[in-house]
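In: okay, here's the prediction I keep looking at, along with the sequence it came from:
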Amino acid sequence: MTPEEFRAAGHELIDWIADYRASIETRPVLAQVAPGEVRSMLPDVPPTEPEPFASVLADLDRVVVPGVTTVQHPMHFGWFPSNAALASVLGDLASSGIGSLGISWESSPALTEVEEVVCDWMRQLVGLSRAWVGTIQDTASTAAIVALLVARERASEFSEAAGGLQSVEQPLVVYATDQAHSSVVKAASVAGFGLDNVRTVAHDPWTRAMDPASLDESIAADLAAGRRPAAVIASIGTTGTTAVDPLPAIVDVLDRLGPDGSADRPWLHVDAAMAGSAMILPERRSMWEGVEAADSITFNPHKWLGTILDTSLFYVRDPQHLVRVLSTNPSYLQSSADGQVTQYRDWGLPLGRRFRALKLWFHLRLDGPEALRGRLRRDLDSAAWLAEQIDAEPGWTLVAPVSLQTVCVRHLPSTADGSPMVGEALEAHTQQWVANINRSGQAYLTASKLDGSWMVRVSIGVEGTERHHVAAVWDLMRSTVASLT
């Protein structure tokens, strides 16, 4: 494809994207295809000749779009928001068009230095001190792996330079609640801790926040047994209920084990993947009070804030420790700039990196922080409104505090004799009414287990979701359960 052919096709594609976004509310939320249906519409063998762009564009409509669950739909209330603001889409297009290679500062000085700037812009916007420096990872899952790798090396006094974990006499232990994201357990496994060395810390039965006393007891038991506490994962906005772990009390527990930065003090990683975006609101920063005493933080602008995937910010207070653990410096990448510049290949797992910062750079510049603050406040108000409706409606109950934009709810119908439905019947009822909504294509919600029982999450935060959409899903929830009882 020549630049001129690209120009013509690109105009068509931009028009197609704009039309798709403009019409997204007319489409079903959940993909209306059966397993294997998309694949069956594609040839089994690759093309032998170039095809006209019109044919590819036609297949976007015919094959791809019906097989997409439209997470940009204003009636999507599942999982967490996975926004893709069009301002950031332009940045993503620019990144792909430039085609930069981020293997060193020299390979793309702009890639490195724009990333430094936008990470610092976001540091300022969420109220973190100048002690923090950041980079862009792909997801919070990868950031958790990086955090546990550097935690492992601090606790093992850099065993990677010797015999690795096989040479460490004391087993290294990681602590989190069962409300922490599933990626935490995977990260502990990938980082070599072993699942036997992951401790589940008790949490408050209503708020689901970590219980600091339980953390203290668990650490004391491991120390007495000859194990070494290596890392604590604190969640600010858990996936299930947006629970907020109490950072000041957690820090107090860790400070008794050793001074900041010492091998005796477990690494404190703060996972604020979704909720971190809320910290652009000064009135919400109390949620992560005490964060300045953490060792690393991650949050994802590609969730609620709206920057397109994959844009996960990862901040540390000691970048030299990060570099010592992850540094790689093959001869073919050495240059006269070494020692004067940031080499982001030493801040994460991959060597090659995309120009991810352009997505965030475009987004912040074209939409502006104040518009983002307004949208987040809108969603918080909508969640509070929905919680009020549920509280006032007989047969419906909130099953967790509404701390942010996610409302966790359960419908409790009465049986034929007037007693409340319980047990397996209630479990089946909950899964049935949410499945009926999702299959209808009118909205999408997620069922999730909480304390061993099914409940439903209404996660508000899609860029186009206004109050009337939240009211519509509430009406749909009530009419759907009415049809079952």
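Out: In hand now; what should we look at?

In: please count neighbours and contacts with C-alpha atoms only from this point.
Out: Fine.

In: grab the most central residue of this structure for me.
Out: residue 273 (4.0 Å; CA atoms, centre = their mean).

In: quick one: contacts for that residue?
Out: 140, 236-237, 298-300, 303, 312 (CA atoms under 8 Å, 6 or more residues apart in numbering).

In: how about 10 Å then?
Out: When contacts are counted by CA atoms under 10 Å, 6 or more residues apart in numbering, residue 273 touches 80, 139-141, 143, 181, 235-239, 297-304, 312-314.

In: among those, name the ones in strands.
Out: 235, 297-299, 312-314 (DSSP state E).

In: would you turn these into TSV with pLDDT?
Out: TSV is the format used below for the ones in strands among the contacts of residue 273 (pLDDT from 0 to 100):
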residue	pLDDT
235	97
297	98
298	97
299	97
312	97
313	98
314	98
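
In: and the nearest residue to the residue nearest to the centre of the chain once chain neighbours are set aside, bridged to which residues?
Out: Nearest non-adjacent residue to residue 273, counting by CA to CA, 6 or more residues apart in numbering: residue 299, 3.8 Å away. Note on residue 299: beta-bridge partners by DSSP bridges are residue 313.

In: same question for the helix or strand hosting residue 185, mean pLDDT?
Out: Per DSSP states H and E: residue 185 is located in helix 182-190. In this model, helix 182-190 has an average pLDDT of 93.

In: quick one, helices of this structure?
Out: Ranges of helices in the chain, per DSSP state H, are 3-22, 37-40, 53-59, 86-98, 109-125, 140-155, 182-190, 212-224, 247-255, 319-326, 357-367, 369-392, 423-440, 467-484.

In: what is the nearest of the ones in strands among the contacts of residue 273 to residue 84?
Out: Using CA to CA, residue 312 is the member of those that lies nearest residue 84, at 13.5 Å.

In: how many other residues sit next to residue 449?
Out: Using other CA atoms under 10 Å, residue 449 is surrounded by 12 other residues.

In: and it, how far from residue 479?
Out: 23 Å (CA to CA, to the nearest Å).

In: just residue 303 next, same as before
Out: Applying CA to CA to residue 303 and residue 479 gives a distance of 30 Å.

In: which of these two has more residues huddled nearby?
Out: Remark: of residue 303 and residue 479, residue 303 carries more neighbours, 25 against 13, as counted by other CA under 10 Å.

In: OK, contacts around residue 220?
Out: Applying CA under 10 Å, 6+ apart, the residues near residue 220 are 214, 227-229, 257.

In: domain ranges for this structure?
Out: 3-68, 94-367, 370-484 (automatic domain parsing).

In: need those in TSV (columns: distance to residue 75).
Out: Output for these, formatted as TSV (distance: least, CA to CA, whole Å):
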stretch	distance to residue 75
domain 3-68	7
domain 94-367	15
domain 370-484	5
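
In: which stretch among these is buried most, on average?
Out: domain 94-367 (a mean of 19; mean count of other CA atoms under 10 Å).

In: for it, measure first residue to last.
Out: Terminal-residue distance, domain 94-367 (CA to CA): 17 Å.

In: same question for stretch 75-82.
Out: Termini of stretch 75-82 sit 13 Å apart (CA to CA).

In: pLDDT value on the residue nearest to residue 485 when sequence neighbours are not counted, please?
Out: Setting aside the residues directly before and after it, residue 485 is nearest to residue 413 in space (CA to CA, 6+ apart), at 7.4 Å. With respect to pLDDT, residue 413 has a value of 92.

In: what's the answer for residue 336, then?
Out: Reported pLDDT for residue 336: 79.

In: now stretch 41-50: how far from the chain's centre is it?
Out: Stretch 41-50 sits 35 Å away from the centroid of its parent chain (CA atoms, centre = their mean, to the nearest Å).

In: then stretch 460-467?
Out: 17 Å.

In: which residues are in contact with it?
Out: 24-25, 71-85, 303-306, 372, 375-376, 378-383, 385-386, 404-407, 469-470.

In: can you give me the end-to-end span of it?
Out: Start-to-end span of stretch 460-467 (CA to CA) is 10 Å.

In: pLDDT on that stretch, on average?
Out: 98.

In: follow-up on the earlier one: how far does the helix holding residue 185 sit from the chain's center?
Out: On CA atoms, centre = their mean, the centre of helix 182-190 falls 14 Å from that of its chain.

In: what lies in contact with that helix?
Out: Residues contacting helix 182-190 (CA under 10 Å, 6+ apart): 140-149, 152, 173-176, 178, 191-199, 231, 233, 239, 271.
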